[in-house]
Every structure is written in structure tokens, then in C-alpha cells.
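Trainee: Please find the sequence and the predicted model below.
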Amino acid sequence: MSLMPPSRERLAASEQALTSLPGYSNDTPTDKEFSVFDPSTEQRIATLRNMTAQEALVEVETAESEGRTWAKTTPRHRSDTLQNVYTVLMENQSRLAYVISREMGKPLGEALGEVQYAADYVRWYAEELLRPAGGYRDNPAGASTILTCRAPVGLTLLIAPWNFPMAMITRKIAPAIAAGCASLIKPAALTPLTTLLTVDLMEEAGVPRELMRVVTTIEPAAFSEAVLSDPRIRKLSFTGSTGVGSTLMSLAAKNIVKSSMELGGNAPFIVFDDADLERAVEGAMLAKLRNGGQSCVAANRFYVQDGIADAFIEAFTEKMSKVVTGNAITEGVGLGPVINQAAVDKLQHLVDDATAQGAELKTGGKKPAQSGYFFSPTVLDRVPAEANIANAEIFGPVAAISRFTTQEEVLWKANNTPFGLAGYVFTENLDRALNVADELETGLVGINNGIPSNPAAPFGGMKQSGLGREGSHEGLEEYQEVRYYNIARRHTD
Ligand code: NAD
């Protein structure tokens, strides 16, 4: 986790990134508005319009009309536009990172990392869209020739969570634009400012504003019921919790809307006796503390084999206890706040329940004495399987460790969950790594790697962690329909 020195000048310039956003106001909200808060200080930083379902339907109209024009642009034009977006986003990386840190709470160095990661999806799709996946098939009977091609799916509804407020948006909007689609975008009400700035910059880079309609609302249920009843919406891409994803799938069923679901996780992090200790501890720090543990791929259940357990837990605990917690824009901070008071309360409950059931608290375990929604980096050893923390998505800087003896035992435990997004395996034995990865019921596996996400990889989950993939060429196909032309053939002399 690198840190960017926040010079006085840079912070002052970045503050303008907040105050110059459209709709920005620091006033107490009226009944038609809502506020955004800084989780590091609990202070209000913006007040935005709470758009109604009727207003959202007006945005559907605008986007649908522009989408028809955009679908007819050339791949080269769309590619050049996205390349330009990449450049403009990177030119504004400090402003974007500042807004992410202020509204979401990750330290500035990590926020800069998110900007790069988010912009990399834009660059990836600028390149990917130039290679359409068409094909030629022979009719086995010889009577015709079949050509396959891809068409834009149509108007897309993109709903994002708060934890990666920029990357979760670009990972959807970039392939949508690449495929030739317009979008209605609903950011999380906790972190809408990053989306507003990103879309502003995309417009500056040449993407028509009518193609990207942002709806800010604190009434998501009314919003989704209205827009998913509108037959002009042809695609839903949702990232968020499994419960909301399930509700949205029911709504999408009405008009048979093509749907992608990036949902909750419960990642096992498995360390075998033959792992490289240093590498395993480093991987554990990344998989647990990146984004303050508020990541769908965060290591959620640590399983450590008996022979390495004491050494791993000692080294990991030492590193966790040295992480500096504080305001996300303060120099030297390695861990910012969690998103809100409800998240602090949930973590406290999970830790208290685990220790009451016999888990050993190695470090942390409570909110430090400072204002802001902070929770100390925490390590729990010997967590019993019955504890709530062994089954819940923790979403915070708390590591729940239990020990295992055999490969068969740990695989059973790792797969004993309805979720299946990410898994981690640490071992120096290649056969073991691949055998275990094959058996894990997860969409992605980090092998000796604490950060498995990448724009070139098809990110997504199995079981209740989701449907569809984001990133790579699979992520573009989510915004396309496959068509074929069957051309009759007749013998000629
Ligand atoms: P959430 O489900 O509460 O909210 C996600 C988004 O859905 C927000 O924009 C929210 O306003 C909106 N929403 C809520 N109810 C809605 C409704 N009825 N209709 C339409 N929209 C609605 O999730 P969250 O708390 O913002 O994010 C955390 C969750 O997201 C975790 O479970 C995490 O694992 C998951 N997540 C998954 C991925 C992934 O790629 N699989 C990535 C990031 C986060």
C-alpha cells in the first residue's frame, strides 16, 4: 500500500474537485435531497438531489435515443474515444483519488491505485473492441454457410456499490461504450461523487453526455422497479450484495432482461505447511487489508495448516498491529475508516461473538478512541466453526483464523458456503496448488497471490456470488448479443 504525500497545495486543489462537482452543495438537505458524508470525520461533504423514479425514466428516454446513434459509430471511433478517456482520467488521477478518499475512506495511496485499476478497464476495452469475435461455420449438410457476429445489447442499467466507487463503474461503462451501448448509471448513495466526476471527465474526453445518464437517489427500490419495468432497458449489470441481486433478478425476469450479477463473497485463504511464510503473510495483508477489508474478494476465512500456523499467526499479527489507522487523507495512514457506523457495529458484534465462543483475540478487536468510523486491524485465532464470523461476509479489517490438518478437510470447509467468488491458496508445491484450485468452488483463485483482480481476467463468481463476468473479452460479451446469418448455398456450374 503505497502512500502519496498530500502536500498542502495538492489537498487544496483536490478540495476543488469536490466543490466544483455539478450539484455539489454543503447545505443541510431538503426533503428532495440527500447528503454524502466523509467516513473519516463523520462530516457532511456534499448534498445532492434525490432523483425520483419519474426523473429516472426521463433519463432512460435520453440515453436510449443517443444509444441508437452510438451503436452505429465505427469501432475505431469508439476505441479512439476510450483511449482519450484513459488519458484524461490519468491526467486527473489526484483529483479522482482525493474524491474517492473523502467519500469512501480508503487512504490516498490506495485511492490512486483504484484510479489506475479503474482506468485500466477503459484502456483494455479501447483495445479489445477492435477485435470483434465473429465466426464462420459450415452447415454439416452443406446446404448453407453460417456467419456469426455481435450486436450491441441496447440500453444498459448499471448499478454499483460504494466500496470501489470508480472501478466498479468503469468496469461496466467501458465495455458498454465499447460495445455500442448507452447506460443509465446508479452509483451507491454513500459514494456518488466519484461517479459524477468520472462521468464529467469522460464527457471532457469526448463521450456524449447523453450516453451516460447518472441517477442519484436514496430510493433504490422505487428506482429499480420503475426502470426495470421499462422495456427499453435491455441489460442489467449489478454489483452489490447477494440479497439485492436476487431482488433485481426477479425484477429483470419480467422483461427477460439480460443480467450480470457480481455479488457477495466469503473467500477462503488457505495456507499449507509448505508455503513460503513471508509470501503467505504478505499475501494475507493484501487480501485482508486492501480497501480496509471491504472488498468482495477480501480474505474472509483463513485456514492455516497445523505445522505453519503458529509462525504464520505470529508474523501476521505483528504486521497487522503495526498498521497506522487514521483519516484517509493523512500522510502515513495505512488503514482508513470503514464506511459507516453500522459497519463498525457489525464488526464489533462479530468479534464479541467469536471471542465469547472461544476464539483468541491476538490484536485489535475494537474501535480506537477517535472520531470517524474506525475499527482496529484485528486478528482472531482458533475461531470455532459455529461463530457468526466463520459464516458472515466480514467486510472489514478483521481476520478470522482457524487451523486444519489435511487437504481434504480444508477443501470441505472452504466449499461449505453458498458463496463462490474468490479463493486463495499458498503453497510452494505446484501440484498441490493446482489440485486445490481445481477443487475450490470459486470463480477465481489467487495462487500465492493476494490480489487476483486484473482487467485481462474474467472476474466473477460461482454459486450465490453471481452470474456473468467482468473484464477480459467475456466482459465485453456481456454487452453484446450473438447473431447469425444463415446463407443458403446452391450448386452452380
Ligand atoms: P448493496 O447491495 O447494498 O448495494 C449495491 C447497490 O445497489 C447500491 O448502489 C445500492 O444503492 C443499490 N441498491 C440497493 N437496493 C436496491 C434495489 N432494491 N434496487 C436497485 N438498487 C438497489 O451492496 P453494498 O453494501 O453497496 O456493497 C457491498 C456488497 O457488494 C458486498 O456484499 C460485496 O461483496 C458486494 N460486491 C461485490 C463485488 C463483485 O464484483 N462480486 C464487488 C464489490 C462489492
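Mentor: Yes, it's here. Numbering: from 1, shown residues only.

Trainee: Count residues in the vicinity of residue 430, would you?
Mentor: By the measure other Cβ atoms under 10 Å, the count of residues near residue 430 is 9. No exception for glycine: its C-beta is placed from N, CA and C like everyone else's.

Trainee: Could you break this structure into its assigned domains?
Mentor: Domain assignment of the chain by automatic domain parsing yields the ranges 8-263+466-481, 267-454.

Trainee: Mind putting these into JSON lines with mean pLDDT and distance to residue 492?
Mentor: Formatted as JSON lines, the domains of the chain follow (pLDDT from 0 to 100; distance: least, Cβ to Cβ, whole Å):
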{"stretch": "domain 8-263+466-481", "mean pLDDT": "95", "distance to residue 492": "14"}
{"stretch": "domain 267-454", "mean pLDDT": "98", "distance to residue 492": "50"}
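
Trainee: Which positions in this protein make contact with the ligand?
Mentor: Neighbours of the ligand within the chain, by Cβ under 6 Å from any ligand atom: 159-163, 168, 186, 188-189, 220-221, 224, 239-241, 244, 247-248, 262-265, 296, 393, 421, 461, 466.

Trainee: neighbours around residue 278, how many?
Mentor: Residue 278: 9 neighbours (other Cβ under 10 Å).

Trainee: What's the separation between it and residue 51?
Mentor: 50 Å (Cβ to Cβ, to the nearest Å).

Trainee: part of a helix, is residue 259?
Mentor: No - secondary structure of residue 259 (DSSP: H, G, I helix; E, B strand; the rest coil): strand, not part of a helix.

Trainee: Contacts only, for it.
Mentor: Residues near residue 259 by Cβ atoms under 8 Å, 6 or more residues apart in numbering: 235, 236, 237, 238, 248, 249, 252, 467, 468.

Trainee: can you pull up the bridge partners for it?
Mentor: Beta-bridge pairing for residue 259 (DSSP bridges): residue 236.

Trainee: Next one: it from residue 308, what distance?
Mentor: Per Cβ to Cβ, residue 259 is found 42 Å from residue 308.

Trainee: and what of residue 417?
Mentor: Residue 417 is 23 Å from residue 308, where distance means Cβ to Cβ.

Trainee: So between these two, which is more surrounded?
Mentor: Comparing residue 417 with residue 308 by other Cβ under 10 Å, the one with more neighbours is residue 417, at 21 against 18.

Trainee: Now do the same contact list for that one.
Mentor: Counting by Cβ under 8 Å, 6+ apart, residue 417 touches 266, 391, 463.

Trainee: Count the residues that sit near the second one.
Mentor: Spelled out, it's residue 391. So residue 391, with other Cβ under 10 Å, has 16 neighbours.

Trainee: same thing with residue 332?
Mentor: Around residue 332 there are 10 residues (other Cβ under 10 Å).

Trainee: Likewise for residue 38?
Mentor: Neighbourhood size, residue 38 [other Cβ under 10 Å]: 22.

Trainee: so residue 136 touches residue 145, yeah?
Mentor: Yes - using Cβ atoms under 8 Å, residue 136 is in contact with residue 145, at 7.1 Å.

Trainee: Check which helix or strand residue 231 maps to.
Mentor: For residue 231, there is no host helix or strand (DSSP states H and E).

Trainee: Would you confirm that it contacts residue 254?
Mentor: No - assessed by Cβ under 8 Å, residue 231 is found out of contact with residue 254, at 9.4 Å.

Trainee: on that earlier part again, which ones among the residues of the chain next to the ligand are found in helices?
Mentor: Residues of the residues of the chain next to the ligand located in helices (DSSP state H): 168, 220, 221, 224, 244, 247, 248.

Trainee: now for those, which pair is the farthest apart?
Mentor: The largest separation in these, counting by Cβ to Cβ, is between 168 and 221 at 19.9 Å.

Trainee: Go through the residues of the stretch 201-350 of the chain and report the one nearest to the ligand.
Mentor: Residue of the stretch 201-350 of the chain nearest the ligand, by Cβ to the nearest ligand atom: residue 240 (2.7 Å).

Trainee: Which residue, other than its chain neighbours, is closest to that residue?
Mentor: Once flanking residues are discounted, residue 240 sits nearest to residue 161: 4.6 Å by Cβ to Cβ, 6 or more residues apart in numbering.

Trainee: same deal with residue 480?
Mentor: Distance criterion Cβ to Cβ, 6+ apart; nearest residue to residue 480, sequence neighbours excluded, is residue 150 at 4.1 Å.

Trainee: Can you name the residues bridging to the one you found?
Mentor: On the basis of DSSP bridges, residue 150 is bridged to residue 482.

Trainee: Around it, how many other residues sit close by?
Mentor: Using other Cβ under 10 Å: residue 150 sits among 18 other residues.

Trainee: just checking, which of the contacts of residue 417 belong to strands?
Mentor: Taking DSSP state E as the definition of strands, these contribute residue 463.

Trainee: Nearest to residue 175 among the contacts of residue 417?
Mentor: Nearest member of the contacts of residue 417 to residue 175, counting by Cβ to Cβ, is residue 463, at 23.9 Å.

Trainee: Am I right that the closest one is in contact with residue 420?
Mentor: Yes - under the criterion of Cβ under 8 Å, residue 463 makes contact with residue 420 at 3.9 Å.

Trainee: More neighbours: which of these two?
Mentor: Neighbours per residue (other Cβ under 10 Å) separate residue 463 from residue 420, with residue 420 holding more: 24 against 17.

Trainee: surely that one meets residue 443?
Mentor: Yes - using Cβ under 8 Å, residue 420 makes contact with residue 443 at a distance of 6.4 Å.
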